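K.L.:
coords below, sequence missing:
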């Protein structure tokens, strides 16, 4: 039973990374590599409500500026100015 549970967990984790889009294009010219963020963060719940990923409820300008820009500021990595994201 334990082997089945571990196998299912591995399958779900792999499926999430296999089917996720590599480059996400949003409004206002903002593009980012989903794959690069997955590899760097290794925790889908930093952005998504569930570990399995999925659509981010309430995603928009306010969410992106608070969460995405906030994470870049906290980690001292990634773009934080307007022109670095909005190209």
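P.N.:
Cool, the structure landed. None of the values given here were measured: they were computed from a predicted structure.
K.L.:
just for this structure, where's the confidence low?
P.N.:
For the chain, residues meeting the criterion pLDDT under 70 lie at 1-21.
K.L.:
all strands of it, in order?
P.N.:
Remark: strands assigned in the chain by DSSP state E are 23-25, 31-33.
K.L.:
For the first one, give me every contacting residue.
P.N.:
Which is strand 23-25. Applying CB atoms under 8 Å, 6 or more residues apart in numbering, the contact partners of strand 23-25 are 31-34. C-beta coordinates here come from the backbone N, C-alpha and C atoms, glycine included.
K.L.:
what are the pairing partners of that strand, and which direction each?
P.N.:
According to DSSP bridges, strand 23-25 forms sheet pairs with strand 31-33 (antiparallel).
K.L.:
which parts of the partner strand are buried?
P.N.:
For strand 31-33, burial by neighbour count (16 or more other CB atoms under 10 Å) applies to residue 32.
K.L.:
from the chain's centre, how far out does that strand sit?
P.N.:
10 Å (CA atoms, centre = their mean, to the nearest Å).
K.L.:
Spatially nearest residue to residue 54 (excluding sequence neighbours)?
P.N.:
residue 48 (6.0 Å; CB to CB, 6 or more residues apart in numbering).
K.L.:
Pretty sure the one you found sits against residue 58.
P.N.:
No: under the criterion of CB atoms under 8 Å, residue 48 makes no contact with residue 58, lying 11.7 Å away.
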